[in-house]
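**Student:** Sequence below, structure please.
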Amino acid sequence: MDATFNVTYITVGGHVEMGKYRYLYFVFMLLVYVLILVSNCTIICLIWIHRNLHEPMYIFIAALSVNSVLFSTDIYPKFLIDILSETRIISYSACLFQFFLFYSSVGADFSLLTAMAYDRYVSICKPLQYQTIMGKITVIVLLFLSWFLPVCLISPVILLRLNKKLCSFNLNDLFCTNFIDNLLCDIPQVLLVYIIIPLVTVILLPILFIFFSYTKILIVTFHSQGVVRRKAAETCLPHLLVLISISFVFVFHLVLPQVEKNISRPVHYTMSVQMIMCNPLLNPFIYGLKMKEISKHLKKLFCGDKLKQFIHADS
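**Tutor:** Model (predicted):
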C-alpha cells in the first residue's frame, strides 16, 4: 500500500510557508487569476465581435490570449489549492499532464509569434501580395500548426516518462516542469533525443525565423517613409515585447534545474510566481494599449457610457 502510494503520488515541495498571511496571499493570487481571465477574454471577445478586427494580425493576438487562458488554467487552480493546503501532493500522472499542458502552451506561444512575424513580414515587405498570401486558408493552417505541432512533439516526451521508476518523490518546484526529471531513477538516452527535437523545432527555429523576418522588416522600414515606419513600430514592438517575455519563461525553466542548488527557495519561489503572473497578463495589456484598433474598442467599452452621460449632463 505504501509502495503504491509512493509510486503514484509526489509532494510539491517548492512552496514557501506563509503562516497566517497565506489567506491574504490566496486572495491576492485568486484576484490575479481572475484578472488574467477577464483581460484575455476581453481581448478575445473584442476581436470576435468587431469585424474590422477580423484580420490575421488580430486573429493571432486572440489566439495568444486563448493560449494565456489555457496556460493559467493549467497552473492556477492547483497552485491556489496548494497555498491553503498543509500537505501539497499531486499524482504523478496528473503532474505529467500539467507538464504536458505547460510546455505545449509555451511551444504554441512561440509558434503563434512565428506566425505573427510572418504576417508582419508579408504586410510590410510585400504589401501588394498581402491579401493573396495571408488568405483565410493560410491563417487557419497557421493556427492549426501552432497548436498541433507542439502537442505532437511534447507527447512522446510524456509517454517516455510515464512508466519510469521514481527514486525521489519531492518535486522542488511550484508546479510540474522539467524538475520532474530529478525524480527519475535514470534518464534514458532516447528521452534526451525527444527533448532536443521540440527544443529545435518549436523554440530555436521559430526564434531564428523571427530574427530573420524582423531583420528584413528593419531593412525595408529604414528605406521607407514615415507612415511605413509608424506601422512597423505600432505592430512589431508589442510582438517583440511578448517574445522577450515568453523567451524569459523558457530560459528560466530550462536553466533553473541546473542551478537550483545555488538559488535559495524564496528567490526560486518569487521568480516562479512572477513568471505565472506577468506573462499571461502581458499579452492583453501590451496589445490593448499599443494596438490602435484594439485600444480604440477598449476605450469605447469602458469609457463610452460614462462619456455619453457626461455629455448629456453638461448639455
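
**Student:** how about the helices in the chain?
**Tutor:** For the chain, helices defined by DSSP state H occupy the ranges 2-8, 22-49, 56-84, 92-125, 130-133, 136-162, 189-198, 205-222, 226-259, 265-290, 292-314.

**Student:** Any chance of the ones you listed in CSV with mean neighbour count, mean pLDDT and distance to residue 180 as columns?
**Tutor:** To be clear about C-beta, it is placed using only N, CA and C from the backbone, and glycine gets the same treatment. Listed next are these as CSV, based on neighbours: other CB atoms under 10 Å; pLDDT from 0 to 100; distance: least, CB to CB, whole Å:
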stretch, mean neighbour count, mean pLDDT, distance to residue 180
helix 2-8, 10, 48, 14
helix 22-49, 16, 91, 23
helix 56-84, 20, 91, 14
helix 92-125, 22, 89, 6
helix 130-133, 12, 88, 42
helix 136-162, 16, 89, 7
helix 189-198, 14, 78, 12
helix 205-222, 15, 84, 25
helix 226-259, 15, 71, 9
helix 265-290, 17, 76, 15
helix 292-314, 12, 59, 38
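
**Student:** JSON lines for these, including distance to residue 15?
**Tutor:** Shown next, in JSON lines, are the helices of the chain (distance: least, CB to CB, whole Å):
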{"stretch": "helix 2-8", "distance to residue 15": "20"}
{"stretch": "helix 22-49", "distance to residue 15": "10"}
{"stretch": "helix 56-84", "distance to residue 15": "6"}
{"stretch": "helix 92-125", "distance to residue 15": "15"}
{"stretch": "helix 130-133", "distance to residue 15": "49"}
{"stretch": "helix 136-162", "distance to residue 15": "23"}
{"stretch": "helix 189-198", "distance to residue 15": "27"}
{"stretch": "helix 205-222", "distance to residue 15": "32"}
{"stretch": "helix 226-259", "distance to residue 15": "16"}
{"stretch": "helix 265-290", "distance to residue 15": "7"}
{"stretch": "helix 292-314", "distance to residue 15": "36"}
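
**Student:** closest to residue 177 out of those helices?
**Tutor:** Residue 177 sits nearest to helix 226-259 of all the helices of the chain, at 5.0 Å, using CB to CB.

**Student:** Which one, of the helices of the chain, ends up nearest to residue 169?
**Tutor:** helix 2-8 (5.7 Å).

**Student:** before we move on, the earlier item: out of the helices of the chain, flag the one nearest residue 178.
**Tutor:** When the helices of the chain are ranked by proximity to residue 178 (CB to CB), helix 226-259 comes first, at 5.8 Å.

**Student:** Looking at the helices of the chain, which is nearest to residue 168?
**Tutor:** helix 2-8 (10.1 Å).

**Student:** wait, doesn't residue 61 sit right on residue 284?
**Tutor:** No. The pair residue 61 / residue 284 is not scored as a contact, 9.1 Å apart, by CB atoms under 8 Å.

**Student:** May I have the phi/psi pair for residue 54?
**Tutor:** phi -90, psi 60 (degrees, to the nearest 10).

**Student:** Run a quick neighbour tally on it.
**Tutor:** 14 (other CB atoms under 10 Å).

**Student:** Please name the residues that touch it.
**Tutor:** Contact analysis of residue 54 by CB atoms under 8 Å, 6 or more residues apart in numbering lists residue 47.

**Student:** switch the cut-off to 10 Å
**Tutor:** Neighbouring residues of residue 54 by CB atoms under 10 Å, 6 or more residues apart in numbering: 47-48, 62, 136, 139.

**Student:** on that earlier part again, mutual contacts of residue 61 and residue 284, please.
**Tutor:** Common neighbours of residue 61 and residue 284 (CB under 10 Å, 6+ apart) are 43-44, 46, 294.

**Student:** Now compare those and name the two farthest from each other.
**Tutor:** 44 and 294 (11.1 Å).
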